[in-house]
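>>> Provide a 3D model corresponding to the input given below.
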Amino acid sequence: MKVLFVASEAYPLIKTGGLGDVAGSLPPALQDLGHDVRLLLPAYRDVLERVRGRIQTRARLGLQDGPVAVLETTLPGTSLPVWLVDAPAWFDRPGNPYLDPQGRPWPDNAQRFAGLARTAVAIAQDRAGLQWRPDLVHTNDWQTGLIPALLSLENDRPRQIFTIHNLAYQGLFPMETFRELGLPVFLQSMHGLEFHGQLSFIKGGLVFADHITTVSPTYAREIQTPEYGCGLEGVLQARSRDLSGILNGIDTETWNPATDPHLPCRYDAHSLERRGKNKGRLQRDCGLHVTDRPTLVGMVGRLVEQKGIDVVLEALPRLLQWPLQFVILGSGEHRYEAALEALAARHRHRMAVHIGYDEGLAHRIEGAADVFLMPSRFEPCGLNQMYSLRYGAVPVVRATGGLADTVVDATPDHTIAGTADGFTFTPLSVEAVLHALDRAHCSRRSRSLWRGLQRTGMAQDFSWARSAREYSALYARLLGRSEAA
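Residues are numbered from 1 along each chain as shown. So this is what the prediction gives:
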């Protein structure tokens, strides 16, 4: 199948979050299955610098928004063709692709990503002079939401999938932007792109794509409820037959405890006793007491309310009276950073906090912690719980979104069946966090039980190859083909 995969970021060219991981990993995995995939991205300044010397101009377009060149390169480390939308007025800016140096959205984001959309439509309809037309267009998040809406105006168009990575980000603009972009009048309604008196880019994908996916099966169900639907639950309920969740994958080469260069001592599921050396080294480097008796709890992530850090802070004074140690790595709201640092200063041998992000330390925490804590309020997919399972750091998570889909609670039935690999809890409360961590700590007393949880988690397949096979099957269904075809 010929697939045009459109995104606003893709690792390693540019990344701000999970979308970048998906767009940098899923298209090559689809290519490995034999599909003809092209990745379309904006030609941000940082992207052009990374591909300098490996680029050529393939087409020039005169869009109503302005002139555009289509450049071609390959995704680093792969043979995947990447087409870049080169429009300096929109994309020749340093740093974050969506925010100005003061951290505010670029005032012309609607125009920038409308230009990306019109370029994608020209390519999809083979009007760009590239002599290539996709069978299917796969768009991602609000930045590409206009593409399904604009393609709906075409009589002979490819099939379309729109993937929601985080529904909280919707691409909302004043309604006068609708006229500035020259969009067809019939789209300016509640059945089109209007959302409470504003122009909503994401609604273009939700209303007009042939199928909607999101990044975990549970999140696909959750976003159809008022609690998680961000005001769009009615639209999603109406499209429920065309909505499904496919769990993201992880980079199983970068995240592999048997080969990880960041770990002082590498190991696999058959040499888990070697993890103890990593625990001792991390304890020593973080100024914690070096002993195996306490349960070492790791956390890596953004220090924001979504991640439940406020509840963790409320629970920590009691938790620090237990035989537990904590190593926390992350950054976010200053109030949470300051509160964690103050607690760590009072409990120097029990708790270590590192504000910021350190890739090596993130790997070392996964390779050393007994338990990895993720008490998220919502989590479309989540990556760290999958890293933890792969590294034998038993996850303790709130049962929401992708966390619910990847972590099997260590109930007696699941333990006897050999399917348990962690501990889940709900609702998000101090008492629930305390109870879940107590269950985990007590379970460490049984070496056989703990090793069983670790090995079950390490045996899971979270590769992008698995995700790609599911997307491939969905593509085939939409196109009315057998996968073998």
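>>> quick check: bridge partners of residue 37?
On the basis of DSSP bridges, residue 37 is bridged to residue 3.
>>> OK, contacts around it?
2-5, 27-28, 30-31, 80-81 (C-beta atoms under 8 Å, 6 or more residues apart in numbering). Using the backbone N, CA and C atoms, a C-beta is placed for each residue, glycine as well.
>>> which of the residues you listed fall within helices?
27-28, 30-31 (DSSP state H).
>>> quick revisit: nearest to residue 180, of the contacts of residue 37?
Residue 180 has its nearest neighbour among these in residue 4, at 26.4 Å by C-beta to C-beta.
>>> so how far is residue 62 from that closest one?
For residue 4, the distance to residue 62 equals 20 Å [C-beta to C-beta, to the nearest Å].
>>> between those two, which one's more packed in?
A direct count of neighbours by other C-beta atoms under 10 Å for residue 4 and residue 62 places residue 4 higher, at 25 against 9.
>>> coming back round to it: distance to residue 67 added to the ones in helices among the contacts of residue 37, as TSV?
Converted to TSV, the ones in helices among the contacts of residue 37 look like this (distance: C-beta to C-beta, whole Å):
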residue	distance to residue 67
27	27
28	31
30	31
31	30
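>>> circling back: which among the contacts of residue 37 end up buried?
Buried positions within those, assessed by neighbour count (16 or more other C-beta atoms under 10 Å), are 3-5, 27-28, 30-31, 80-81.
>>> list just the nearest of these to residue 127.
Proximity of the buried ones among the contacts of residue 37 to residue 127 (C-beta to C-beta) peaks at residue 4, which lies at 13.1 Å.
>>> chain neighbours aside, what residue packs nearest to the closest one?
Distances taken as C-beta to C-beta, 6 or more residues apart in numbering place residue 134 nearest to residue 4, at 4.0 Å, with adjacent residues excluded.
>>> gap between the one you found and residue 210?
Relative to residue 210, and taking C-beta to C-beta, residue 134 is found at 13 Å.
>>> who has more neighbours out of the two?
In terms of neighbours (other C-beta under 10 Å), residue 134 is the more surrounded of residue 134 and residue 210; the figures are 25 against 17.
>>> hang on, that one packs against residue 2?
Yes - under the criterion of C-beta atoms under 8 Å, residue 134 makes contact with residue 2 at 4.5 Å.
>>> what's around residue 207, how many residues?
22.
>>> three-state assignment of it?
Under DSSP: H, G, I helix; E, B strand; the rest coil, the three-state class of residue 207 is helix.
>>> can you tell me the distance between the two ends of stretch 218-233?
End-to-end distance for stretch 218-233, by C-alpha to C-alpha, to the nearest Å: 14 Å.
>>> still on that earlier bit, quick one: which of the buried ones among the contacts of residue 37 is nearest residue 170?
residue 5 (21.2 Å).
>>> might you report the residue contacts of that closest one?
Residue 5 makes contact with 23, 26-27, 30, 37-40, 138, 140, according to C-beta under 8 Å, 6+ apart.
>>> looking at these, which has the most residues close by?
For the contacts of residue 5, the largest neighbour count, defined by other C-beta under 10 Å, is 30 neighbours, found at residue 138.
>>> tell me which other helices or strands the host helix or strand of that one touches.
In this assignment (DSSP states H and E), residue 138 forms part of strand 136-140. Counting contacts by 3 or more C-beta pairs under 8 Å, 6 or more residues apart in numbering; DSSP states H and E, strand 136-140 is packed against strand 2-6, helix 18-32, helix 109-124, helix 146-151, strand 159-164, helix 464-479.
>>> how about these in JSON lines, adding mean pLDDT?
Shown next, in JSON lines, are these (pLDDT from 0 to 100):
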{"stretch": "strand 2-6", "mean pLDDT": "98"}
{"stretch": "helix 18-32", "mean pLDDT": "95"}
{"stretch": "helix 109-124", "mean pLDDT": "97"}
{"stretch": "helix 146-151", "mean pLDDT": "97"}
{"stretch": "strand 159-164", "mean pLDDT": "98"}
{"stretch": "helix 464-479", "mean pLDDT": "96"}
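>>> quick one: these as TSV, columns for distance to residue 203 too.
Below are the helices and strands packed on strand 136-140 laid out as TSV (distance: least, C-beta to C-beta, whole Å):
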stretch	distance to residue 203
strand 2-6	17
helix 18-32	18
helix 109-124	13
helix 146-151	8
strand 159-164	10
helix 464-479	21
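>>> ok, which of these comes nearest residue 361?
With C-beta to C-beta, the closest approach to residue 361 among the helices and strands packed on strand 136-140 belongs to helix 18-32: 19.1 Å.
>>> could you give the angle of that closest one to strand 136-140?
Calculated by axes from the mean of the first three to the mean of the last three C-alpha atoms, to 10 degrees, helix 18-32 forms an angle of 160 degrees with strand 136-140.
>>> contacts for stretch 66-77?
Outside stretch 66-77, the residues that touch it by C-beta under 8 Å, 6+ apart are 10, 12-13, 24, 27-28, 39, 43, 50-51, 54-62, 80-87, 89-90, 115, 119, 123, 128, 130.
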